[in-house]
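In: Quick one: sequence plus predicted model below, questions after.
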Amino acid sequence: MKYDAQLNEVIKLLPTSQNVLIALPASSTVDELAAGLALFLSLEQSGKEAAIVTEGIIRVGHTNLFGVGEIQSKIPETQGGDFVVTLEGVATIGADGKGIVPSLEKLDYYTQGSNLNLVFKVIPGQKFEPTGMVSHHEGQGFKLIFVLGAANFSELGSLYNTNQQLFSVTYLVNIDNGQGNSQFGKTNVVDGTAPSISEMISQVIPALGLPVNGDIATNILSGIFAATSDLQKRNTGADTYEAVAQALRAGGQKPFRGGQGGGQQGQFQGQGNKPVNVPQQQKPTAGFDLSKVFNIPSQNDNFTVPQVVGSTPVEMEPEQQPSPEESVSGEEVVSPEDDWLTPKIFKGKGNIG
């Protein structure tokens, strides 16, 4: 596959990574949503616990993508991971640049019924007064994070701002086709020549040994067609047509626009409207309908031809000669000779040759 070299480390990690997160930009395009959902469905089909998140708004034009209802606006909590309680305002920075708590001697705990009590042993004469306390899950059980279509962390919006620890400790796979990508992942699959993220995902999924079915292939086609304006953009090349062919062979359906241009995606080709049979009406005849005035039966009525009654033939008067007044003066009637139809031989006076 095209990106095997970049994905070598991810191929090793994926078998032992049960929980996988897919993060999309805050302003996700149809292509990015389609690519993310294709990867999400493939991970789920392979038995992984996958989650897909974006703080962007899911619009009506996105509802034809398979799995769109699984997109979440916040990173979910998963089984596993560490529970961390943060006490604010108690640490200072030492000479070595590391944080220390000068008033804290040690930390202990004990149980009381169903409760767990944390004990902070304070050095005598010192004050230990936290200004605030925050709890969160560290790692949240995710072993892999795929970030699709983001040039940097800031494009993820609050997903990154409120979960910076998660993104810093989890193995990150950065997949993008933007020229200005900051290469922020531990694995970076960045291809500025690819016209769509969906085309890249069509290579990534089989490279990771993940399955592809009709729904996954249809999402890939939707993303490719949306990003390339139905394969009309100039950067649409041989790799794009090969990705489309692979998706069609896997059972994918091309998006059906219903006569509209590219961009918004409508029904799929296999879900087109059935043709409607419109009864044809007889063309009206020009002028007035004399059949209604004289009660003439129509062509559809049973009409019996009446029997013809014999009649006496009418003698025609002989053709009358024109009167002298009607004849043109100066004209003479000439009778043709009897032999005018007989072939004649021309006899000349001179010799030929």
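Out: Everything's here; your move. Everything numeric in this text was worked out from a predicted model, so none of it was measured.
In: need the strands for this structure, in chain order.
Out: Applying DSSP state E to the chain gives strands spanning 19-23, 49-53, 71-72, 82-88, 92-93, 99-100, 104-112, 115-122, 132-138, 144-148, 171-176, 187-190.
In: Can you say which of the ones you listed is nearest to residue 199?
Out: Evaluated with Cβ to Cβ, the strands of the chain place strand 171-176 nearest to residue 199, the distance being 11.2 Å. Quick note: C-beta positions are derived from backbone N, CA and C, even for glycine.
In: Show me what the closest one packs onto, helices and strands only.
Out: helix 8-13, strand 144-148, strand 187-190, helix 197-207 (3 or more Cβ pairs under 8 Å, 6 or more residues apart in numbering; DSSP states H and E).
In: Spell out for me which residue occupies the centre of this structure.
Out: Geometric centre of the chain, nearest residue: residue 222, 2.3 Å, by Cα atoms, centre = their mean.
In: where does this structure have low pLDDT?
Out: Scanning the chain with the threshold set as pLDDT under 70 gives 79-81, 136-140, 257-353.
In: how about 90 then?
Out: For the chain, the stretches with pLDDT under 90 are 1, 57-63, 77-106, 126-129, 132-141, 256-353.
In: where along it do the helices fall?
Out: 8-13, 30-45, 158-161, 164-169, 197-207, 214-227, 238-249, 290-293 (DSSP state H).
In: Take those and lay them out in a markdown table including distance to residue 116.
Out: Rendered in a markdown table, the data for the helices of the chain read as follows (distance: least, Cβ to Cβ, whole Å):
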| stretch | distance to residue 116 |
| --- | --- |
| helix 8-13 | 33 |
| helix 30-45 | 35 |
| helix 158-161 | 30 |
| helix 164-169 | 22 |
| helix 197-207 | 43 |
| helix 214-227 | 44 |
| helix 238-249 | 52 |
| helix 290-293 | 99 |
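In: out of those helices, which comes closest to residue 114?
Out: For residue 114, the closest of those is helix 164-169, at 28.2 Å, according to Cβ to Cβ.
In: Check the gap between the residue lying closest to residue 225 once chain neighbours are set aside and residue 113 for me.
Out: In space, and not counting its chain neighbours, residue 225 is closest to residue 255: 5.2 Å by Cβ to Cβ, 6 or more residues apart in numbering. Going from residue 255 to residue 113 by Cβ to Cβ, to the nearest Å gives 59 Å.
In: Next: residue 218.
Out: Distance from residue 218 to residue 113, by Cβ to Cβ: 54 Å.
In: who's more crowded, these two?
Out: Taking other Cβ atoms under 10 Å, residue 218 and residue 113 do not tie; residue 218 has more neighbours (26 against 5).
In: wait, what's in contact with residue 117?
Out: Going by Cβ atoms under 8 Å, 6 or more residues apart in numbering, residue 117 touches 109-111.
In: Need those in CSV (columns: distance to residue 129 and neighbour count).
Out: Listed next are the contacts of residue 117 as CSV, based on distance: Cβ to Cβ, whole Å; neighbours: other Cβ atoms under 10 Å:
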residue, distance to residue 129, neighbour count
109, 20, 9
110, 22, 9
111, 25, 8
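In: Which one of these is nearest to residue 133?
Out: residue 109 (15.4 Å).
In: For the closest one, which non-adjacent residue is closest in space?
Out: residue 118 (5.1 Å).
In: wait, isn't that neighbour in contact with residue 104?
Out: No: look at residue 118 against residue 104 with Cβ atoms under 8 Å: they stay out of range, at 11.7 Å.
In: circling back: tell me which residues touch the residue nearest to residue 109, please.
Out: Per Cβ under 8 Å, 6+ apart, neighbours of residue 118: 85, 107-109.
In: could you dump those to a markdown table with distance to residue 188?
Out: Shown next, in a markdown table, are the contacts of residue 118 (distance: Cβ to Cβ, whole Å):
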| residue | distance to residue 188 |
| --- | --- |
| 85 | 35 |
| 107 | 39 |
| 108 | 44 |
| 109 | 42 |
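In: Tell me which two in those residues are the farthest apart.
Out: 85 and 108 (14.1 Å).
In: I'm done for today, thanks for sticking with me.
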